[in-house]
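> Quick one: sequence plus predicted model below, questions after.
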Amino acid sequence: MLSSSMNAVPILKLSVLALSLLHISSAYADSTTVKAHMPTTNDEPHIQLPEIVVYATAADKRSSTNALGTATTLDQKLLNSKQVASSDTATILTKIPGLNVQSAGGISNLPVIRGLADNRLRILVDGVDSIASCPNSMNSPLSYIAPSAIEKTTVYAGVTPVSVGGNSIGGTIVVETAEPMFSTDSDILTSGEIGTFYRSNGDAYGANVSTTAANEQLSLTYKGSFAQADNYKAGGDFKSYTETGNAGKTLAKDEVGSTAYESKNQSVDVAYKNSNHLLQGTYFWQNVPKELYPNQRMDMLDNQLDRINLRYKSELNWGQLEAQAYHEDVDHYMNFGEDKQFVYGNAKGMPMYTSSETIGANLKGIIDLTNQGTLNIGAEYQDYTLDDTWAASGDGMMSPNDFQNINNGERQRIGIYGEWEKDISSDWSTQLGARYENVRSSADEVHGYQIDGQNNMTNQLRDSANFNASNRRTTDNNVDITALARYDIDSQKNLALGLSHKERTPSLYERYTWSTWKMAAIMNNTVGDGNGYFGDPNLRPEKSNTLSATLDWRGADDSWGVKATPYYSKIDDYVDAVQWNPMANTAASTQTANQYNVLRYTNQDAEIYGIDISANRQLAANAWGYWDIVGSLSYTKGENKDSGSDLYNIMPFNGSVALNRENNGWTNQIEVVGVAAKNDISTPRNEIKTAGYGLLNLSTGYQFKEVAIEAGIDNVFDKNYALPLGGAYMGQGKTMSMNGEIGSGSNWGTAVPGAGRSLYVGVNYKF
């Protein structure tokens with residue numbers, strides 16, 4: 001177990017971070033001198049330090065991603081520098097204040113925006129609205145794109161414009177690959193990029209390649225990437241046992257079981273340009289032969305995605321027109337990986353198969369109203385079907401038939417929206433939007449492993465009969481309304497205000513999983529807390545009302561800046577969970593603590609509030625280089641108003657400060673990260689408390705013409721710490737057994753630890 005006796009140390013470190021932010025914002029003097037010594041020509045080889053670029057203006061009338069200060073964009077420079085340290089796209093986004101990750105597999109962490117994650121966020125990859133087709137959300141949307149393939153990522157937190165919203169209440173992440181390139185003359189244009197990396201902790205390595213050939217009208221691009229890792233090690237022993245339940249296989253006490261992975265991505269893109277018209281078609285293929293999960297009872301042992309994405313863009317005399325159609329197939333297989341017990345009696349493993357098909361189409365126009373601003377209108381359609389079946393194994397409880405977890409589940413969305421944006425004066429910019437969505441969901445009748453007789457231990461017949469007798473077809477009419485305004489107080493300060501009402505239909509797994517049997521329920525878990533879950537066909541859509549404000553204050557010469565965003569959300573019919581008594585088939589009358597339990601999804605009311613602060617300051621420009629410092633602080637509080645419990649997976653108070661140096665092509669960074677103890681926990685889920693911690697990270701990079709080299713050390717002092725959003729450790733042992741995960745005992749209370757010291761290096765060459 002990780003000790004919580006050092007909580008005072010991280011609190012002290014966070015206090016230092018807070019003081020650093022105050023120091024950043026208070027230093028106005030000599031900033032003009034500093035700026036005058038910044039590199040201003042291309043004569044010297046240098047690269048821009050990794051930075052966060054904030055959209056804070058409504059000047060671009062043709063931009064559908066204009067959010068009047070509510071969006072944060074990470075450009076390719078930052079993504080390229082950070083992909084050496086992580087193969088997980090979601091983890092790279094944590095450079096944005098208020099964005100964290102819920103731990104999952106090595107390439108499938110789930111982004112958390114101000115306490116809201118997974119299905120509460122909309123994630124668009126080149127306009128494709130993917131859905132995780134897995135009872136554990138293992139194939140999350142961001143897992144389908146490697147960091148090396150990304151050109152730009154924009155994150156909308158909280159008050160999200162309706163043009164990028166829809167069926168989400170927490171925000172939107174828009175991921176974009178590079179626009180197709182074309183030759184500017186009759187010559188054939190060719191370009192490419194190749195890169196590789198290695199990380200010591202987990203012996204991780206990988207490579208990426210892309211190449212383009214194009215003339216004035218036709219462009220052809222191929223991209224491929226590969227990443228592989230073994231289990232990583234924590235900064236010290238975090239568990240007292242070594243057994244895995246498999247003969248001859250043990251794991252060291254500091255080895256984090258079920259963290260290995262292997263991923264392969266390939267895509268082919270063909271684009272045709274004629275005057276102001278662009279037609280683009282992309283075929284994307286991903287295969288994940290293995291991705292193990294330290295906080296889930298199952299592992300992903302094969303996942304294949306095939307996607308066709310067609311897009312059309314046109315610049316017309318009235319504005320822009322865009323159309324898109326896509327088709328996506330997912331085949332997903334789960335079972336026990338090499339670190340988890342495979343044989344239970346005569347049952348050899350627990351094969352679980354999920355397949356899904358997604359068909360979607362989008363149409364939008366951005367109309368220039370000249371003196372009346374811009375009007376963004378659009379329509380969207382998506383049809384998603386899902387089958388989740390668990391094959392029989394042995395001749396005991398997991399026999400004789402297949403277990404239908406979700407049978408022919410379907411969710412169909414049809415949405416329309418309109419968004420008007422206008423500069424109403426030289427100081428005021430506004431954006432008003434409304435969206436309507438019709439969401440229909442359904443599922444067919446199911447059966448368990450047993451279809452006759454009665455097993456009082458599993459209640460499969462009772463539960464399937466109750467589910468089949470229920471109304472399994474629901475139509476939701478969801479409304480999304482957003483109002484944004486920005487006021488330029490003066491040349492150095494602006495204030496952005498946002499108000500929104502958003503609604504989200506529960507997922508198929510929240511509505512249509514049906515078994516109260518412990519063994520079946522623990523296989524349905526999207527949050528990694530070790531508990532078992534089942535759904536409710538009568539769940540109502542979540543309804544969130546959010547208010548936020550952002551004050552952005554910068555020096556007259558841009559040598560310093562402070563940005564603060566307080567926010568508040570009241571969520572009606574929040575989908576939380578209550579402990580369940582499987583035998584009585586009713587909500588538990590008393591709460592059972594310090595163990596894993598069966599829970600049922602239910603609607604309750606909740607509220608979330610907090611503040612994100614970021615700051616930067618130029619320090620000096622001298623013979624040793626250009627120096628600056630950046631920092632951030634984030635605080636989030638979430639509470640279930642019905643139960644009085646804190647919400648699950650809320651990141652505790654945290655912050656970071658980084659000292660950056662740039663000189664003649666070199667970039668260097670010293671970063672300190674501090675996280676407070678997690679004591680506010682979800683009591684129905686028996687969420688595990690975690691101690692606070694502080695980490696030191698070092699990185700350096702060099703750019704010489706077409707070659708870029710990145711290297712660094714994460715967790716320099718090999719700190720042993722638990723991840724606040726890491727969930728319960730399920731990386732080894734008898735994971736099919738609720739509260740009997742190790743031998744005859746439970747491992748409840750063991751949190752997933754963070755990685756110990758890791759050295760990494762990467763090389764990238766553009767040609």
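Received it, and whenever you're ready, just let me know what you need. Numbering: from 1, shown residues only.
> what kind of secondary structure is the closest residue to Ser515 other than its chain neighbours in?
Nearest residue to Ser515, sequence neighbours excluded (CB to CB, 6 or more residues apart in numbering): Asp463, at 5.1 Å. For every residue, glycine as well, the C-beta is placed using N, CA and C. Asp463 falls in the helix class when you classify it by DSSP: H, G, I helix; E, B strand; the rest coil.
> how near is Asp463 to Asn407?
14 Å (CB to CB, to the nearest Å).
> Next, the contact list for the residue nearest to Ser515, please.
By CB atoms under 8 Å, 6 or more residues apart in numbering, the contact list for Asp463 reads 448, 514-517, 534, 585.
> and it, how far is that from Asp444?
Applying CB to CB, the value for Asp463 to Asp444 is 16 Å.
> list residues touching both of Asp463 and Asn407?
Between them, Asp463 and Asn407 share no contacting residue, judged by CB under 8 Å, 6+ apart.
> Got phi/psi on Glu542?
phi -70, psi 140 (degrees, to the nearest 10).
> oh sorry, the question was meant for Tyr509
Dihedral angles for Tyr509 - degrees, to the nearest 10 - are phi -70, psi -30.
> Around it, count how many other residues there are.
Residues lying near Tyr509 (other CB atoms under 10 Å) number 27.
> again with Met181
15.
> which residues does it contact?
Counted by CB under 8 Å, 6+ apart, Met181 has contacts 189, 191, 212, 214, 219, 221.
> Provide the partner residues of the closest residue to the second one other than its chain neighbours in its beta bridges.
Setting aside the residues directly before and after it, Ser191 is nearest to Thr212 in space (CB to CB, 6+ apart), at 5.0 Å. Under the criterion DSSP bridges, Thr212 forms beta bridges with Ser191, Thr221.
> could you list every residue that touches Thr212?
Applying CB under 8 Å, 6+ apart, the residues contacting Thr212 are 180-181, 189-192, 219-222.
> try 10 Å
178, 180-182, 189-193, 219-223, 269, 271 (CB atoms under 10 Å, 6 or more residues apart in numbering).
> now, which of those residues sits nearest Glu662?
Glu193 (22.4 Å; CB to CB).
> From Lys719, how far out is the closest one?
35 Å.
> And the strands in the stretch 651-767 of the chain?
Using DSSP state E, counting those that start in this stretch, the strands of the stretch 651-767 of the chain run over 654-663, 666-675, 693-704, 707-714, 758-766.
> Let me know the angle separating the first one from strand 666-675.
What it means is strand 654-663. Put simply, strand 654-663 runs at 170 degrees to strand 666-675, going by axes from the mean of the first three to the mean of the last three CA atoms, to 10 degrees.
> and the angle from strand 654-663 to strand 693-704?
Put simply, strand 654-663 runs at 20 degrees to strand 693-704, going by the same axes, to 10 degrees.
> Tell me the helices and strands packed up against strand 654-663.
Packing contacts for strand 654-663, counted by 3 or more CB pairs under 10 Å, 6 or more residues apart in numbering; DSSP states H and E, involve helix 8-26, strand 598-622, strand 625-640, strand 666-675, strand 693-704.
> Kindly reformat these as a markdown table containing mean neighbour count, mean pLDDT and distance to Leu292.
Below are the helices and strands packed on strand 654-663 laid out as a markdown table (neighbours: other CB atoms under 10 Å; pLDDT from 0 to 100; distance: least, CB to CB, whole Å):
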| stretch | mean neighbour count | mean pLDDT | distance to Leu292 |
| --- | --- | --- | --- |
| helix 8-26 | 17 | 42 | 29 |
| strand 598-622 | 20 | 97 | 24 |
| strand 625-640 | 21 | 97 | 29 |
| strand 666-675 | 20 | 97 | 25 |
| strand 693-704 | 18 | 96 | 24 |
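> how about the ones you listed in a markdown table, adding distance to Arg435?
A markdown table is the format used below for those (distance: least, CB to CB, whole Å):
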| stretch | distance to Arg435 |
| --- | --- |
| helix 8-26 | 36 |
| strand 598-622 | 22 |
| strand 625-640 | 25 |
| strand 666-675 | 36 |
| strand 693-704 | 40 |
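> Quick one: closest of the ones you listed to Leu278.
strand 693-704 (31.0 Å).
> hang on, Thr516 packs against Ala588?
No. The criterion here is CB atoms under 10 Å, and Thr516 misses it with Ala588 at 11.6 Å.
> Now the common contact residues for these two.
580-582, 598, 600.
> now, among those residues, which is nearest to Ile169?
Nearest to Ile169 among the shared contacts of Thr516 and Ala588, with distances taken as CB to CB, is Arg600, at 21.0 Å.
> Now do the contacts for the closest one.
Counting by CB under 10 Å, 6+ apart, Arg600 makes contact with 513, 516, 521, 532-536, 577-580, 582, 585-588.
> Residues in a beta bridge with it, which ones?
Bridge pairing for Arg600 - DSSP bridges - gives Phe534, Val578.
> Looks to me like Thr94 is in a helix.
Yes. Assignment of Thr94 by three-state DSSP places it within a helix.
> nearest to Gln320, of the strands of the stretch 651-767 of the chain?
Proximity to Gln320, assessed across the strands of the stretch 651-767 of the chain by CB to CB, is greatest for strand 758-766 (30.0 Å).
> any chance you could map the helices in the protein?
8-26, 31-36, 76-82, 89-92, 460-469, 508-512, 518-521 (DSSP state H).
> Gly528 contacts Tyr596, correct?
No. Checked against CB under 10 Å, the pair Gly528 and Tyr596 is beyond contact range at 11.7 Å.
> shared neighbours, those two?
Joint contacts of Gly528 and Tyr596 (CB under 10 Å, 6+ apart) are 297, 728, 730.
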